[in-house]
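1. Predicted structure and sequence below. I'll ask about it afterward.
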Amino acid sequence: MENEFELIVSQGKRPFWQRLMAAICFTGVLYLLFNIVLLFYRYGFSLAPKAAGASFELIAYFLVTGIGFSMTKTILIDTDKDKLISRFCIGPFSRDVLSQVPELDYVLVFLDGKGYYQTNLWYKGNKHYRMYAFDEKKPAMDFAAQVSERLKLDMLDATEKGNSKWIEQKSE
């Protein structure tokens with residue numbers, strides 16, 4: 001039986017340039033590991049560790065940078081069971097972190113400095129989940145209204161600077 005979640009907030013795919021950078025970093029890790037194996041093969045266990053010392057620092061740097069460029073985060077929310085799963089993915093590998101759903105406050109739609117309409121889910125005062133960015137206002141408002149309705153939260157329309165409007169959830 002598959003779990004049905006109330007809401008799934010996905011970061012989506014990484015841009016091509018970030019995936020390319022991650023691939024370059026992971027290739028660098030493999031290249032350095034291969035060179036370390038060659039050092040051990042050529043010089044044995046007496047001289048190779050000293051020569052390979054600097055490579056381990058580069059491996060750590062490339063590995064952390066590659067993970068940073070390739071990791072995505074998906075939030076699965078099930079309000080009925082009071083369950084929140086944060087799923088961290090790097091390629092085909094994923095790790096789930098289970099926690100309780102925080103007290104959700106409202107859904108916000110705003111126009112960012114780059115001309116995109118951002119949709120965020122706010123909780124516990126000043127914390128939020130970044131949900132999605134849209135090129136146009138109507139799809140952003142429709143998406144936020146669906147999230148608002150599904151989670152029974154109010155919505156804040158902050159698309160016009162200095163003219164924020166609360167849109168209350170319709171009671172049934």
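-> Sure thing, it's come through.
2. counting contacts, what elements does the longest helix along the chain pack onto?
-> For the chain, the longest helix by residue count, based on DSSP state H, is helix 16-70. Of the remaining helices and strands, none touches helix 16-70 by 3 or more Cβ pairs under 8 Å, 6 or more residues apart in numbering; DSSP states H and E. To be clear about C-beta, it is placed using only N, CA and C from the backbone, and glycine gets the same treatment.
3. what about stretch 20-28, average pLDDT?
-> Taken as a whole, stretch 20-28 has a mean pLDDT of 96.
4. Show me where this protein dips below the pLDDT cut-off.
-> 1-6, 11-12, 47-48, 169-172 (pLDDT under 70).
5. Could you break it into its assigned domains?
-> Using automatic domain parsing, the domain parsing of the chain gives 1-101, 102-172.
6. Now render those as a markdown table, adding mean neighbour count.
-> Output for the domains of the chain, formatted as a markdown table (neighbours: other Cβ atoms under 10 Å):
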| stretch | mean neighbour count |
| --- | --- |
| domain 1-101 | 14 |
| domain 102-172 | 15 |
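7. And what about the residue nearest the centre of the chain, helix, strand or coil?
-> When Cα atoms, centre = their mean is applied to the chain, the residue found nearest the centroid is residue 73 (3.1 Å). With DSSP: H, G, I helix; E, B strand; the rest coil as the basis, residue 73 sits in strand.
8. sec struct for the closest residue to residue 127 other than its chain neighbours, please.
-> Nearest residue to residue 127, sequence neighbours excluded (Cβ to Cβ, 6 or more residues apart in numbering): residue 102, at 7.5 Å. Taken by three-state DSSP, the conformation at residue 102 corresponds to coil.
9. Identify the residues contacting residue 29.
-> Shown in contact with residue 29 (Cβ atoms under 8 Å, 6 or more residues apart in numbering): 59, 62, 63, 66.
10. want to try TSV for those, with distance to residue 122 as columns?
-> Listed next are the contacts of residue 29 as TSV, based on distance: Cβ to Cβ, whole Å:
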residue	distance to residue 122
59	40
62	36
63	34
66	32
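11. Looking at the residues you listed, which is nearest residue 22?
-> residue 66 (4.7 Å; Cβ to Cβ).
12. residues touching the closest one, list them.
-> Counting by Cβ under 8 Å, 6+ apart, residue 66 has contacts 21, 22, 23, 25, 26, 29.
13. Can you convert those residues into a markdown table and add a column each for distance to residue 124?
-> What follows is those, written out as a markdown table (distance: Cβ to Cβ, whole Å):
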| residue | distance to residue 124 |
| --- | --- |
| 21 | 33 |
| 22 | 32 |
| 23 | 37 |
| 25 | 34 |
| 26 | 36 |
| 29 | 38 |
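14. I'm done for today, thanks for sticking with me.
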